[in-house]
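> next one to model:
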Amino acid sequence: MAALIAAPDAGNFDLLQLLLGASGMVRGVLFLLVCLSIIGWYVIGYKWFYLSRAQNESIKFLEQFWQAKRLDEVYQDAERRRRSPIAYMFKAGYVELSKLQKAKDQQQQDGAYRSGSIHETGGDLENIERALHRAATSENTHLESMVPFLATVGSAAPFIGLFGTVVGIIDAFHHIANQGSANLATVAPGIAEALGTTAIGLIAAVPAVMAYNFFARKIKVLSAEMDSFANDFLNIVKRHFLR
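This next block holds a predicted model:
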């Protein structure tokens, strides 16, 4: 009766307890994988919040942009949308446009500006386009920050786990050689410990890969919206300010 009661407990599987009882090298690999997983989950949480807020604020800013009748009103709204990459692009373009308008006004006062010059208009439009491009590049850099780390975890964690498995199997065979016995009771614990690191590596890698693909898609959508806004803004400037 005592043997029957103890049998279920003996069959319980505890991966964490199994790995904690492994050799020093295997525990070192396990520690590295756990650290990568923790950092990866932090990056996932942070980027999800950051990109969601950037997308929501961009949607609200675009609504305000198309409804407003004056660019200075849009600029005031853009100042409140600090997480929106499109609002940041607008501010860069608006500041450059304001500089050009002030320069033209000053030249007109000095009598040195020739209105309607195609060369002058094209150069002004290029200046605004460069300002928008610089702002878009800066915002894309911020959007993509820390995301490559998830790709690194997704690609490297399984191999790190496999390395721990190889080391664990080598240690298990070394233990078998020292005991001079190759029965199942001797081989199984070491092999189980070794394979456990591969399992932990996959546990760390799978969420990282899924999150990387999800964030890459959101960043791609935001980048496309930024390119579209840049074209729309340039068209508005060309029609109303650089005629």
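
> going forward, measure contacts and count neighbours with C-alpha atoms only.
OK.

> centre-most residue in the protein?
Geometric centre of the chain, nearest residue: V147, 2.7 Å, by Cα atoms, centre = their mean.

> and the residue nearest to it when sequence neighbours are not counted, what element?
Spatially, and ignoring its direct neighbours in sequence, V147 is nearest to Y212 (6.4 Å; Cα to Cα, 6 or more residues apart in numbering). Applying DSSP states H and E as the criterion places Y212 in helix 184-240.

> how far off centre is that helix?
For helix 184-240, the separation from the chain centroid amounts to 7 Å (computed by Cα atoms, centre = their mean, to the nearest Å).

> now do it: which elements does it pack against?
Under the contact definition 3 or more Cα pairs under 8 Å, 6 or more residues apart in numbering; DSSP states H and E, helix 184-240 sits against helix 15-20, helix 24-67, helix 85-110, helix 118-144, helix 147-179.

> quick one: closest of those helices to R239.
Of all these, it is helix 118-144 that lies closest to R239, at 11.0 Å by Cα to Cα.

> circling back: isn't the residue nearest to the centre of the chain up against F215?
Yes: in terms of Cα atoms under 8 Å, V147 counts as a neighbour of F215; the distance is 7.4 Å.

> hey, what's in contact with both of the two?
Common contact partners of V147 and F215 (Cα atoms under 8 Å, 6 or more residues apart in numbering): K47.

> let me know how buried Y46 is, in neighbour terms.
Using other Cα atoms under 10 Å, Y46 is surrounded by 13 other residues.

> tell me which residues touch it, please.
Going by Cα under 8 Å, 6+ apart, the list of residues near Y46 is empty.

> separation between it and L143?
Between Y46 and L143 the computed distance is 11 Å (Cα to Cα, to the nearest Å).

> helix, strand, or coil at R82?
Assigned with DSSP: H, G, I helix; E, B strand; the rest coil, R82 falls in the coil class.

> with adjacent residues omitted, what lies nearest to G154?
A205 (4.1 Å).

> what of T198?
G161 (4.1 Å).

> could you count how many residues lie near the one you found?
Neighbours of G161 using other Cα under 10 Å come to 28.

> do the same with E129
A total of 19 residues lie near E129 under the criterion other Cα under 10 Å.

> can you pull the contacts of L97?
Here L97 is in contact with I128 (Cα under 8 Å, 6+ apart).

> which pLDDT value goes with it?
L97 is assigned a predicted lDDT (pLDDT) of 89.

> shift numbering so it begins at 274
Taking 274 as the first residue, the last one we looked at is L370.

> distance of it from I401?
From L370 to I401 the distance is 7 Å (Cα to Cα).

> with D345 instead?
From D345 to I401 the distance is 16 Å (Cα to Cα).

> more neighbours, the two?
Comparing D345 with I401 by other Cα under 10 Å, the one with more neighbours is I401, at 23 against 12.

> show me where pLDDT drops low in the protein?
Across the chain, the ranges flagged by pLDDT under 70 are 274-296, 381-396, 452-463, 515-516.

> against L303, how distant is P421?
P421 is 22 Å from L303, by Cα to Cα.

> out of the two, which sits in the busier spot?
Set P421 next to L303 and count neighbours by other Cα under 10 Å: L303 wins out with 24 against 12.
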